[in-house]
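Novice: next come a sequence and a model predicted from it.
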Number of protein chains: 2
Amino acid sequence: MKEFNIIEHFFKAKSIQRKDVVIGIGDDGAVSHIPKGQALVTTTDTLISGVHFLPDTSPHAIAQKAVAVNLSDLAAMGAEPAWISLSLSLPEVDEKWLEDFSNGLQEHAEYYSVQLIGGDTVKGPLVITITAQGFVPFEQALTRSNAKPGDSVYVTGTLGDAGLGLDIAQKKCIVTDQLNQDFLLSRLNYPTPRLLVGTSLRRIANACIDISDGLVSDIKHILNASKCGATIHVDKLPLSQALKDSVSSSQAIDYALRAGDDYELLFTVSEEQKGHLETTLASANVHATYIGQLNGFVGKLELRQADKPYEYSAKGYQHF
Amino acid sequence: MKEFNIIEHFFKAKSIQRKDVVIGIGDDGAVSHIPKGQALVTTTDTLISGVHFLPDTSPHAIAQKAVAVNLSDLAAMGAEPAWISLSLSLPEVDEKWLEDFSNGLQEHAEYYSVQLIGGDTVKGPLVITITAQGFVPFEQALTRSNAKPGDSVYVTGTLGDAGLGLDIAQKKCIVTDQLNQDFLLSRLNYPTPRLLVGTSLRRIANACIDISDGLVSDIKHILNASKCGATIHVDKLPLSQALKDSVSSSQAIDYALRAGDDYELLFTVSEEQKGHLETTLASANVHATYIGQLNGFVGKLELRQADKPYEYSAKGYQHF
C-alpha cells in the first residue's frame, strides 16, 4: 500500500468537512479560509513511542492523545480549533493498527469539529507529529508573558492524576480500586483539552499555559516570560478523589507539583477581573481552583504549606 | 539542556521577524495574521534519516532540504510562503549538530522570507517534520484536479539529477568529473523550491504538482485527480548537461522518469493560455519545457520516443 492510499483509505474518507476548507487531503497543500477579524494560531507537538506513550498503548488512545495535546496548546492560547495536519512515521503498514489509529483520530476530530487537512506518511520509527491550527479574535490571544504581580493563579480540573496513571501503567505502583485505576489511566491516555475554558478566559486572564511538563515546570515559563514570581499554596492544589484514595497526602501533592501530562490550564487573573472570572466560569459550567498569587520576585517560585515553606526538590519532566 | 532552551538558544535568536507574526516562538502557540483576500495554504513533510537522506548528510543540508521540500509543496499550490513550524526528534543534544542545523534552517528561512514560528524538540530517533504555511489569493490555488484533456504538459528545470546524485552518494556509481559530481550532489542535497514559477502560474496553469517521487509517479496524481490521460515524449524531457555527460542517454531518460527528489514543478496549460505562459515565464526569467499532452484516456500514461511507444517498467518511489 502506497502513502497516497494510506491517507486516502484510512483518513480522508472518515474526515469531517468544514465549510472553511477549500482543498483538504489529496493535493500538495490544503487551502482554507480564516474568518474576518480572527488571527491564526498554530502549534505543533510530537509523540514518540517509549517517550510520550508506552509501547503497548492502544493506537486509538495514541491518536486521541496526539490530537488532544495539540488542542490543549490552542486552548492555552484562548483559540478555537479548526484544522489539523498529521505526519505519521510507521515501521510497517499494519492495517488493524491504522484502522484503530484513524478511528481514534477522527472521533476526536469530529467531537472538536476539527478537520484533518493534510498528512504525510513515511516509513520509520513510530513517531506522530500533529500541527493544529485555530483562530482567536485579534488582540485576544492568551500568552505566557502578560502576567502581573498581584494576579491570582488558578488551575482547571485536578492535578497529578496522569502522573500516577503513568506509574500504574509502568507497574511502578498498584492501585487496587478498579474504578480509581481506570480513572487515573484514562487521565494519562485520554487527556481533555480545556478548550471551553480557554476561549472563556479571553479578555479575563492575563496569562495562560497548559500543564504538560508539570505545574512547577510550566508555571516557571509564565514567571520567566512575564518577569514575576509566585507563591503557591500546596494545600490548595486540586486533587482528585482517586489520587487521594490511592497515595499519601504528601505523595499526592508531589504528583500534583511534578507530574506532566495533565493538560490542565494554569492561568492568572487580576484582582479587578476576579468577579468577571467567576460569573464566566459559572455560566460555562467549568471549574477552576485558586492556588496562589503572583509577586514581583522575578522568576522565583515559592511553595508554601499552611504557613511554612514547602520542601520540594524534584524537577518537572526533562526532555533531554 | 531543556527543550525550552534548545528552541530559544538555537532557533529563536536567529529567526527573522515578519510583521504578520504577532507571537512567534516561546508560547503555547504562534499567532499570525493572514492578509486580506488571501487563503491559507498548509503543507507538512517529514524527513527521516536513512529514508529521505543518508545518515552522513550534513545537518546544514538536512535542514535546508526539510525547508525546501515543504516550500516546494507551497510552490505547487501557487502559494507564497510565510511561516514554518519545526518538530525535531533528536537522539541526543549535540550542540555542533544543532548549530549547523539551525544555521541551515535559518539561512533558508531568511532567503525565502519565512519565519520559524514554533517548534517542538523531543528525544528520539532523528526525524524532522516541518509544517509550512503560506498564502494564495482566493480561488487562485493551483491544484492537481483541474487539468483538462488537450492541455500541454510542462516541467521546470531538469529531471533526474537528484536520482543520479543519490546513486553517487550511495556509491552505486562514480562520476569522475568533479564539477558534474558536485552539481548532481547539490541537486540531491539542496533542492530549489520553484516558488517564483508557482506564483507566476496562478490563473495560467490548469493543474500543478511538484515532482518528489518521480515524474511517472507524480503525473499520475494529476491524471487520477483530473480524470485525464497523458502522452509524454521522453526525448523532450529536460536533462542537465551533467546528467547527459555522466550516463547513457537511455539511463538519463530512466533517471528523469523514475527518480524522485528533483522538486521541479510539473504543470498543465490550456491551448488558450500558452501565449500568456510564455510571456509570463520570460518576464519572470524562468524556464519550463514542454514534454507532452493530456488526453481523455482516464488514468493512462503513454510514454513515447520518436514515434514509438517507450518501454518502461520501473516505478516511482514507494513509501512502504
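Specialist: Received it, and whenever you're ready, just let me know what you need. Numbers count the residues shown, from 1 in each chain, chains lettered A, B, ... in the order given.
Novice: drop to CA atoms for contacts and neighbour counts, all remaining ones
Specialist: Will do.
Novice: show me what the host helix or strand of residue A:62 is packed up against.
Specialist: Element membership of residue A:62, judged by DSSP states H and E, is helix A:59-76. Counting contacts by 3 or more CA pairs under 8 Å, 6 or more residues apart in numbering or on different chains; DSSP states H and E, helix A:59-76 packs against strand A:38-48, strand A:80-90, helix A:95-111, strand A:127-137, helix A:178-189, helix A:195-200, strand A:205-210.
Novice: one more time with 7 Å, if that's ok
Specialist: Helix A:59-76 makes packing contacts with strand A:38-48, strand A:80-90, helix A:95-111, strand A:127-137, helix A:195-200, strand A:205-210 when contacts are defined by 3 or more CA pairs under 7 Å, 6 or more residues apart in numbering or on different chains; DSSP states H and E.
Novice: and the angle from that helix to strand A:38-48?
Specialist: 140 degrees (axes from the mean of the first three to the mean of the last three CA atoms, to 10 degrees).
Novice: with only the CA atoms kept, save helix A:59-76 in CSV.
Specialist: The C-alpha trace of helix A:59-76 is given here as CSV (Å, rounded to 0.1, in the frame of the first residue of the first chain):
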residue,chain,number,x,y,z
PRO,A,59,-3.4,3.1,18.7
HIS,A,60,-6.9,4.6,19.5
ALA,A,61,-5.5,6.3,22.6
ILE,A,62,-2.3,7.4,20.9
ALA,A,63,-4.2,9.1,18.2
GLN,A,64,-6.6,10.8,20.6
LYS,A,65,-3.7,12.0,22.8
ALA,A,66,-1.8,13.3,19.8
VAL,A,67,-4.9,15.4,18.9
ALA,A,68,-5.6,16.4,22.5
VAL,A,69,-2.1,17.7,23.4
ASN,A,70,-2.2,20.0,20.3
LEU,A,71,-5.7,21.2,21.0
SER,A,72,-4.6,21.8,24.6
ASP,A,73,-2.0,24.3,23.3
LEU,A,74,-4.7,26.0,21.3
ALA,A,75,-6.8,26.2,24.5
ALA,A,76,-3.9,27.8,26.4
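Novice: so for that helix, mean pLDDT?
Specialist: Across helix A:59-76, pLDDT averages out at 97.
Novice: can you give me the offset of it from its chain's centre?
Specialist: 7 Å (CA atoms, centre = their mean, to the nearest Å).
Novice: check stretch A:210-230 too.
Specialist: Counting by CA atoms, centre = their mean, stretch A:210-230 comes out at 15 Å from the chain centroid.
Novice: outside of it, which residues touch it?
Specialist: A:72-73, A:76, A:144-149, A:257-266, A:293-302, A:315-317 (CA atoms under 7 Å, 6 or more residues apart in numbering or on different chains).
Novice: could you point out where chain A is predicted with low confidence?
Specialist: Low-confidence segments of chain A (pLDDT under 70): A:1-4, A:313-320.
Novice: sorry, back to before: point out the one among the helices and strands packed on helix A:59-76 that comes closest to residue B:46.
Specialist: With CA to CA as the criterion, residue B:46 lies closest to strand A:80-90 of the helices and strands packed on helix A:59-76, at 6.7 Å.
Novice: spell out which residues of the stretch 101-250 of chain A are next to chain B.
Specialist: A:118, A:119, A:120, A:122, A:123, A:124, A:143, A:144, A:209 (CA under 7 Å from any CA of the partner chain).
Novice: check contacts around the last one.
Specialist: Taking CA under 7 Å, 6+ apart as the criterion, residue A:209 is in contact with A:76, A:144, A:265, A:266, A:267, B:28.
Novice: how deep is residue A:91 tucked in, by neighbour count?
Specialist: By the criterion of other CA atoms under 10 Å in any protein chain shown, residue A:91 has 13 neighbours.
Novice: isn't it right up against residue A:127?
Specialist: No: taking contacts as CA atoms under 7 Å, residue A:91 lies outside contact range of residue A:127: 9.4 Å.
Novice: now do the strands in the stretch 151-300 of chain A.
Specialist: A:152-156, A:205-210, A:229-233, A:265-269, A:288-295 (DSSP state E, counting those that start in this stretch).
Novice: check those strands for me and report the most buried one.
Specialist: strand A:205-210 (a mean of 29; mean count of other CA atoms under 10 Å in any protein chain shown).
Novice: that strand to strand A:265-269, inter-axis angle?
Specialist: Using the same axes, to 10 degrees: strand A:205-210 against strand A:265-269 is 170 degrees.
Novice: what strands line up against strand A:205-210, and which way round?
Specialist: strand A:265-269 (antiparallel) (DSSP bridges).
Novice: gap between the partner strand and the chain center?
Specialist: Counting by CA atoms, centre = their mean, strand A:265-269 comes out at 14 Å from the chain centroid.
Novice: and the helices and strands packed on helix A:59-76, which is most packed in?
Specialist: Taking mean count of other CA under 10 Å, strand A:205-210 is the most buried of those, at a mean of 29.
Novice: could you check the angle that one makes with strand A:152-156?
Specialist: 40 degrees.
Novice: work out the gap between strand A:205-210 and the centre of the chain.
Specialist: Worked out by CA atoms, centre = their mean, strand A:205-210 lies 13 Å from the chain centre.
Novice: how about stretch A:111-127?
Specialist: 18 Å.
Novice: and stretch A:184-204, by the same measure?
Specialist: 6 Å.
Novice: pull the CA atoms of that stretch into PDB?
Specialist: Only the C-alpha atoms of stretch A:184-204 are listed here, as PDB (Å, rounded to 0.1, in the frame of the first residue of the first chain):
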ATOM      1  CA  LEU A 184      -6.100   7.500  36.600                       C
ATOM      2  CA  LEU A 185      -5.200   5.600  33.400                       C
ATOM      3  CA  SER A 186      -7.800   7.400  31.400                       C
ATOM      4  CA  ARG A 187      -6.300  10.700  32.600                       C
ATOM      5  CA  LEU A 188      -3.000   9.500  31.300                       C
ATOM      6  CA  ASN A 189      -4.200   8.100  28.000                       C
ATOM      7  CA  TYR A 190      -7.200  10.400  27.200                       C
ATOM      8  CA  PRO A 191      -6.400  13.900  28.300                       C
ATOM      9  CA  THR A 192      -9.100  16.500  27.800                       C
ATOM     10  CA  PRO A 193      -8.100  19.800  26.100                       C
ATOM     11  CA  ARG A 194      -9.700  22.600  28.100                       C
ATOM     12  CA  LEU A 195     -11.000  24.400  25.000                       C
ATOM     13  CA  LEU A 196     -14.100  26.000  26.600                       C
ATOM     14  CA  VAL A 197     -12.100  27.300  29.500                       C
ATOM     15  CA  GLY A 198      -9.500  28.700  27.100                       C
ATOM     16  CA  THR A 199     -12.000  30.700  25.000                       C
ATOM     17  CA  SER A 200     -13.900  31.800  28.100                       C
ATOM     18  CA  LEU A 201     -10.700  33.300  29.500                       C
ATOM     19  CA  ARG A 202     -10.200  35.700  26.600                       C
ATOM     20  CA  ARG A 203     -10.100  39.300  28.000                       C
ATOM     21  CA  ILE A 204     -10.200  37.900  31.500                       C
END
